[in-house]
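Student: Below are the sequence and a predicted model; questions follow.
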Amino acid sequence: MRFLFRHTVVAAAIMGFAICPRASDASEANIAVAANFTAAAKEIAAAFARVTGDTVNLSFGSTGALYTQIVNGAPFAAFLAADTVRPKRLETEGHAVPGSRFTYAVGQIVLWSRDPALIDSEARVLRSTTFGNLAIANPKTAPYGAAAVETLRNLGLWDAVKDRLVRGSNIAQTHQFVATGNAELGFVALSQVALDTRGSMWRVPRNLYAPIAQDAVLLKDDGVACAFLEYLTGLETAAILDKYGYGKP
């Protein structure tokens, strides 16, 4: 049985929305999604389609790059960012529905390598000279990259490793660098390796970087997009977020 919001106007008070507009049959919406959320978003979108019959077309990239696309008129109906700054800025600048912004997940970073013996429980490899390249996402456009830089600075290791950094344009490319062996280790999102039993990892202590609160925002009055954002707050989505290592908002 389909959710009632499939054919009715729904008040999404839990997110501070005013009203979700009516969605027509066989509707779809384009959603911009931060790269760290790729696997979880695909699973959530598939579950949403089963329940509602509607389709969300997901486009992945760094939060900063997606923000630029939205400002320049990209046809997205909603944005799932990896920070709180860009969605808030979109509201302020008039590119989003006022009051629609909410935190849907809290991300974590890990130091990860394909080598099962490289990273120990204290990440002592970072203080050694035994590795060649360390991958991070571009800190200017990717919040997970900014968290990696903050971690290295708080560990007092920035000056020692900065010349060995390999920067991915987003966290997906950063993970690829490590997964393909182009970098021996890297700071990636926990969600990218939470279900991967290969290699070794160190979960970065939360006191080494600011919380990665990830906000979603509705960009236009679109029934399917609004319903999808509402679905992000449900129990089925909560189980998926937990599986991929995301913290609760």
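Tutor: The structure has been received and is ready for your questions.

Student: next one: the helix of greatest length in the chain to chain centre, how far?
Tutor: With secondary structure taken from DSSP state H, the chain has its longest helix at helix 38-52. On the basis of C-alpha atoms, centre = their mean, to the nearest Å, helix 38-52 sits 15 Å off its chain's mean C-alpha point.

Student: Tell me which residues of that helix come out buried.
Tutor: Using 16 or more other C-beta atoms under 10 Å as the burial criterion, the residues of helix 38-52 that qualify are Thr38, Ala39, Ala40, Ala41, Glu43, Ile44, Ala45, Ala47, Phe48, Val51, Thr52. Where C-beta positions appear, they are placed from N, C-alpha and C, glycine not excepted.

Student: cool, stretch 80-91 as well?
Tutor: Neighbour-count burial for stretch 80-91 [16+ other C-beta under 10 Å]: Leu80, Ala81, Ala82, Asp83, Thr84, Arg86, Pro87, Arg89, Leu90, Glu91.

Student: now do stretch 54-65
Tutor: Asp54, Thr55, Val56, Leu58, Phe60, Gly61, Ser62, Thr63, Gly64, Ala65.

Student: mind exporting the helix or strand encompassing the third one as CSV, just the C-alpha atoms?
Tutor: Under the assignment given by DSSP states H and E, the secondary-structure element containing Val56 is strand 55-61. The C-alpha coordinates for strand 55-61 follow below in CSV (Å, rounded to 0.1, in the frame of the first residue of the first chain):
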residue,chain,number,x,y,z
THR,A,55,11.5,7.9,-8.8
VAL,A,56,14.3,10.1,-7.6
ASN,A,57,17.2,10.6,-10.0
LEU,A,58,20.4,11.1,-7.9
SER,A,59,23.4,13.1,-9.0
PHE,A,60,26.5,12.8,-6.8
GLY,A,61,29.4,15.2,-6.3
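
Student: And whichever helix or strand comes after it, how far out from the chain middle?
Tutor: Next along the chain after strand 55-61, taking DSSP H and E as the criterion, comes helix 63-71. With C-alpha atoms, centre = their mean as the basis, helix 63-71 stands 14 Å off its chain's centre.
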